[in-house]
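Trainee: Sequence first, predicted coordinates after that:
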Amino acid sequence: MILKEINFCFIFGQINKSLDLQGSARSIDEVSTKLSTENLDDL
């Protein structure tokens with residue numbers, strides 16, 4: 001019973017981490033796209 005709970009917490013934690021990473025990557029993509037379009041406007 002306890003082992004199952006530990007495994008569940010571990011797996012759930014890993015899923016949360018990967019979701020966070022995906023969210024961060026998406027934010028970085030948006031920022032870099034924004035920066036590149038702003039730079040093009042300046043040219």
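Mentor: Structure received.
Trainee: For this structure, which segments are assigned as helices?
Mentor: Secondary structure of the chain (DSSP state H): helices located at 2-42.
Trainee: where in it is pLDDT low?
Mentor: 1-2, 39-43 (pLDDT under 70).
Trainee: try 80
Mentor: 1-6, 9, 21, 35-43 (pLDDT under 80).
Trainee: how much space between residue 19 and residue 3?
Mentor: 25 Å (Cβ to Cβ, to the nearest Å). Backbone N, C-alpha and C define where each C-beta goes, glycine included.
Trainee: Then residue 20?
Mentor: Residue 20 is 26 Å from residue 3, by Cβ to Cβ.
Trainee: more neighbours, these two?
Mentor: Remark: of residue 20 and residue 3, residue 20 carries more neighbours, 10 against 7, as counted by other Cβ atoms under 10 Å.
Trainee: The more buried one and residue 13: what is the separation?
Mentor: 11 Å.
Trainee: Next: residue 29.
Mentor: Note on residue 29: its distance to residue 13, by Cβ to Cβ, is 25 Å.
Trainee: Now do the contacts for residue 15.
Mentor: Residue 15 makes no contacts at all, as judged by Cβ atoms under 8 Å, 6 or more residues apart in numbering.
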